[in-house]
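# Can you look at this prediction? I've put the sequence above it.
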Amino acid sequence: MSEKLRKSLGLGILGGLVALTMLASAHSLAGQTFLNVSYDPTRELYKAINPAFAADWKARTGETIELLASHGGSGAQARAVIEGLNADVVTLALAADIDAIASKSGKIPVDWQKRRPNNSSPYTSTIVFLVRKGNPKAVEDWDDLAKPGVAVITPNPKTSGGARWNYLAAWGYGLKKFGGDEAKTKDFVKAIYKNAPVMDTGARGSTITFAQRGIGDVLLAWENEAFLALKEFGADKFEIVTPPQSILAEPPVAVVDANADAKGNRQLAEAYLDFLYSPAAQAIIARNFYRPVHPEYAAKDDVKKFAKIEFITVDKSFGGWAAAQKKHFADGGIFDDIQKQELTR
Amino acid sequence: MTSPSLVGKNARRFAAPSVIPGFGLTFGYTLIYLGVIVLFPLATLIWQSSGLGFSGLYAIAAEPRVAASLRTTFFISFAAAVVDLFFGLIVAWVLTRYDFPGRRLLDAFVDLPFALPTAVAGISLAALYSPNGWFGAPLADYDIKVAYTRWGILVALIFIGLPFVVRTVQPIISELEAELEEASATLGAGRLQTVVRVMLPPLAPALLTGFALAFARSIGEYGSVIFIAGNIAYVSEIAPLIIVVKLEQYDVPGATGIATIMLAISFAALLLINLVQAWSRRRFGHV
């Protein structure tokens, strides 16, 4: 092979590689469709909502749209959006995660939660107990979780949004039981976490640990996850125990203004979130075991499944998510302290 | 393993023509590629945590929870690499030295941990070793718990590290001549003597390389470990998990700080292993 030929061959290979790289990145940029960035347990919900909305949108405008959904840990999803994941709307597990997008990226106005009814939550949920059939450890209320010998499965509040609801629900119960005594409440919550043999990084992981691996006596779970587990693994294996008091979980939704505007999807994004409050979507929501904010639109049988619970809320009991996050879950917060004292176990 | 023809030649060899076209072009491409793919991200990492300073880094590493996770990660990674070193050598030996039906298939199996998504590995291992799993159930009868303890981490790290040892040692074993063993035996050496004094020395550098690779891989491992570790603070939390926890709180400097500390420790460990390797290469004059 001559020197010249060799050189041109080299250039060719280099050029080819460069072209390939550029082609790959151009392709990923071109995929501008509608993206809903959500958290883990809503997988099934948005799988049902998206076709319904697409049909509704086509009927109204004649446009065919492609709706994409991304699922993962709520905090990780929020971080991805902050770092540039091109979400048109976010439907996350905690207001704190959307707050973080608003404050750190500026892509959402800080007053986002006032833009839609019901704190921008088209559906709510709560934390319930999933126990093994026959409830062998007789778990009926939060007190039972703190008893020695009861193994409690919950994800890690440091990595999972859902786990933070679990923790706050237990804390809220403790506050009520001890008449607002924080020291006693802390000991109570500590006793519960002392009973946790495994802490998965997300809600789905904990469900698998409990239901599939057979670890633990009780799973602290989103109500919809508990119902899903019954559906997946069979009602002959597990049952749901609803504590008399729990926390009202309000997973919020928001348009990511800057992204939707840049993609020309603003109208679509607003319509998508409005649709979540519509009769059709509310019925789907109830069918997927989330509590609809308009139960009157849902099928009676679906609504009947939700037991009556006395709810505490993050706003009233903890002064909002920002305060709760700082006091309980930040580095050096109460949850860290609870775990530190476990060093010797 | 560099071929002998390239070793110890004078400087002209550096730019001599080879099969790959255009030394200048390919060398430049190599530099740019390594820079963009490896060095630049690592530099960003160090740059992002540079605001912390040494005292800041030390404060992060000294935090009890972080310190515990670093200990867990490095000790268990080391233990796993030791196990892989021993059993990897046996696997490589059997696959290279003996011919039996299904040898090629077994040989291909060795690479599976490379190809498998680590989360899948973690989930399957957790399923096997959990108290109701195939391995976990009989062990549970003897009150031995593997999944959701530190042993679980060890099992996961042994799994992902094995191919590194096997694949680095295999070519050297195939180069070793069986005559050496025969000569050793005819000169009156016992089996153990033959293994320790004749077989192992030339294998040492490759074994060390395999060990270093398995060790390094284990330190960074996340996916397979979090599913089987249990993730209990101070007990079975690995350092990469703490990085994720920090990121979850939008504490990017904290997360990059831990990453930088891990990078520094790993680099020191790899350097040490390389020095030992260089020494053993000089000492035994092989490979």
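Perfect, thanks for sending it.

# interface residues of the stretch 101-250 of chain B facing chain A?
Applying the criterion Cβ under 8 Å from any Cβ of the partner chain, the portion of the stretch 101-250 of chain B that neighbours chain A consists of B:123, B:126-127, B:130-133, B:147-148, B:226-227, B:230-234, B:241, B:244-250. The way it works is simple: take the backbone N, C-alpha and C, and place the C-beta from them, glycine included.

# Filter these down to the buried ones, ChimeraX style.
This is how ChimeraX selects the buried members of these, with burial counted by 16 or more other Cβ atoms under 10 Å in any protein chain shown:
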select /B:123,126,127,130,131,133,147,148,226,227,230,231,232,233,234,241,244,245,246,247,248,249,250
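
# Out of the residues of the stretch 101-250 of chain B next to chain A, which sit inside helices?
Among these, the subset assigned to helices under DSSP state H consists of B:123, B:126, B:127, B:226, B:227, B:241, B:244, B:245, B:246, B:247, B:248.

# surely the first one meets residue B:225?
The reference is to residue B:123. No. No contact is recorded between residue B:123 and residue B:225 when judged using Cβ atoms under 8 Å, the distance being 11.5 Å.

# and the two most separated of the ones in helices among the residues of the stretch 101-250 of chain B next to chain A?
Across these, the two members that end up farthest from each other (Cβ to Cβ) are B:127 and B:246, 29.4 Å apart.

# Run through the residues that contact the most centrally placed residue in chain B.
For chain B, the residue lying nearest the average C-alpha position, counting by Cα atoms, centre = their mean, turns out to be residue B:214 (1.3 Å). Residue B:214 makes contacts with B:80, B:81, B:84, B:85, B:88, B:161, B:162, B:164, B:165, as judged by Cβ atoms under 8 Å, 6 or more residues apart in numbering or on different chains.

# Closest one of these to chain A?
Lowest distance from chain A to the contacts of residue B:214 (Cβ to the nearest Cβ) belongs to residue B:80, with 20.8 Å.

# What number of residues are in the vicinity of the closest one?
The burial metric for residue B:80, expressed as a neighbour count using other Cβ atoms under 10 Å in any protein chain shown, is 26.

# and if you look at residue A:214?
Other residues lying near residue A:214 total 15 when counted by other Cβ under 10 Å.

# wait, doesn't it sit right on residue B:130?
Yes. Counting by Cβ under 8 Å, residue A:214 touches residue B:130, with 6.8 Å between them.

# how about the strands in chain A?
Under the criterion DSSP state E, strands of chain A are mapped to A:34-38, A:67-70, A:89-91, A:123-132, A:152-153, A:218-222, A:238-241, A:245-249, A:253-255, A:291-292, A:310-312.

# Show me the one of those that comes nearest chain B.
strand A:152-153 (10.4 Å).

# Name the residues that touch the closest one?
Contacts to strand A:152-153, defined as Cβ under 8 Å, 6+ apart, come from residues A:145, A:192-193, A:195-198, A:206, A:209-210, A:215-220.

# could you list every residue that touches the most centrally placed residue in chain A?
Within chain A, one residue has its C-alpha closest to the average C-alpha position: by Cα atoms, centre = their mean, that is residue A:93, at 3.4 Å. By Cβ under 8 Å, 6+ apart, the contact list for residue A:93 reads A:39, A:74, A:161, A:162, A:165, A:249, A:251.

# any idea how far chain B is from the second one?
I take that to be residue A:74. For residue A:74, the distance to chain B (Cβ to the nearest Cβ, to the nearest Å) stands at 9 Å.

# got the residues of the stretch 201-345 of chain A near chain B?
Proximity of the stretch 201-345 of chain A to chain B, by Cβ under 8 Å from any Cβ, involves residues A:201, A:205, A:208-209, A:212-215, A:329-331, A:336, A:339-340, A:342-343.

# how does it look with 7 Å?
For the stretch 201-345 of chain A, the contact set with chain B under Cβ under 7 Å from any Cβ of the partner chain comprises A:201, A:213, A:214, A:215, A:330, A:331, A:339, A:340, A:343.

# For the second one, which non-adjacent residue is spatially closest?
So the one you mean is residue A:213. Using Cβ to Cβ, 6 or more residues apart in numbering or on different chains and skipping residues adjacent in sequence, the residue nearest residue A:213 is residue B:130, 4.0 Å away.

# where exactly do the helices run in the stretch 51-200 of chain B?
With DSSP state H, counting those that start in this stretch as the definition, the stretch 51-200 of chain B shows helices at residue ranges B:53-62, B:64-97, B:103-109, B:112-115, B:118-129, B:136-141, B:150-175, B:178-186, B:191-193, B:200-220.

# buried set for the shortest one?
To tie it back to what came earlier, the one meant is helix B:191-193. For helix B:191-193, a neighbour-count test (16+ other Cβ under 10 Å) marks nothing as buried.

# List the contacts of the closest residue to residue B:123 other than its chain neighbours.
Using Cβ to Cβ, 6+ apart and skipping the chain neighbours, the partner closest in space to residue B:123 is residue B:227 (5.2 Å). Residues in contact with residue B:227, defined by Cβ atoms under 7 Å, 6 or more residues apart in numbering or on different chains, are B:119, B:122, B:123, B:126.

# just residue B:67 next, same as before
With Cβ under 7 Å, 6+ apart as the criterion, the residues that contact residue B:67 are residue B:61.

# Let me know the pLDDT of it.
The predicted local confidence for residue B:67 comes out at a pLDDT of 93.

# The one 10 residues further on too?
Residue B:77 is assigned a pLDDT of 96 by the prediction.

# Just give the nearest non-adjacent residue to it, would you?
With Cβ to Cβ, 6+ apart as the criterion, residue B:77 has its nearest non-adjacent residue at 3.6 Å, and that residue is residue B:218.

# Please apply the same query to residue A:292.
Leaving out its chain neighbours, the residue that sits closest to residue A:292 by Cβ to Cβ, 6+ apart is residue A:282, at 4.2 Å.

# I'd say that neighbour and residue A:296 touch.
No. Applying Cβ atoms under 7 Å as the test, residue A:282 and residue A:296 come out as separate, 8.4 Å apart.

# Neighbour count for the two, which is higher?
In this view residue A:282 and residue A:296 are compared by other Cβ under 10 Å, and residue A:282 has more residues nearby, 23 against 9.

# For the more buried one, give me its contacts.
Under the criterion of Cβ under 7 Å, 6+ apart, the contact list for residue A:282 reads A:292, A:294, A:297, A:298.

# Name the helix or strand of chain A that has the lowest mean pLDDT.
When the helices and strands of chain A are scored by mean pLDDT, DSSP states H and E, helix A:3-30 comes last with a mean of 50.

# Can you give me the neighbour number for residue A:196?
The tally of other residues near residue A:196 (other Cβ under 10 Å) stands at 21.

# Find the residue closest to it in space, skipping its chain neighbours.
Of all residues not flanking residue A:196 in the chain, residue A:152 sits nearest, at 5.1 Å (Cβ to Cβ, 6+ apart).

# can I get the strands of chain A in a markdown table with mean pLDDT, distance to residue B:169 and mean neighbour count?
Listed next are the strands of chain A as a markdown table, based on pLDDT from 0 to 100; distance: least, Cβ to Cβ, whole Å; neighbours: other Cβ atoms under 10 Å in any protein chain shown:
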| stretch | mean pLDDT | distance to residue B:169 | mean neighbour count |
| --- | --- | --- | --- |
| strand A:34-38 | 95 | 46 | 24 |
| strand A:67-70 | 93 | 43 | 16 |
| strand A:89-91 | 97 | 50 | 27 |
| strand A:123-132 | 96 | 48 | 24 |
| strand A:152-153 | 96 | 42 | 26 |
| strand A:218-222 | 95 | 45 | 27 |
| strand A:238-241 | 95 | 49 | 18 |
| strand A:245-249 | 95 | 54 | 23 |
| strand A:253-255 | 97 | 55 | 25 |
| strand A:291-292 | 96 | 59 | 24 |
| strand A:310-312 | 94 | 61 | 16 |
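
# Output those as CSV; include the columns distance to residue A:51.
Shown next, in CSV, are those (distance: least, Cβ to Cβ, whole Å):
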stretch, distance to residue A:51
strand A:34-38, 13
strand A:67-70, 8
strand A:89-91, 16
strand A:123-132, 18
strand A:152-153, 34
strand A:218-222, 23
strand A:238-241, 29
strand A:245-249, 26
strand A:253-255, 18
strand A:291-292, 19
strand A:310-312, 32
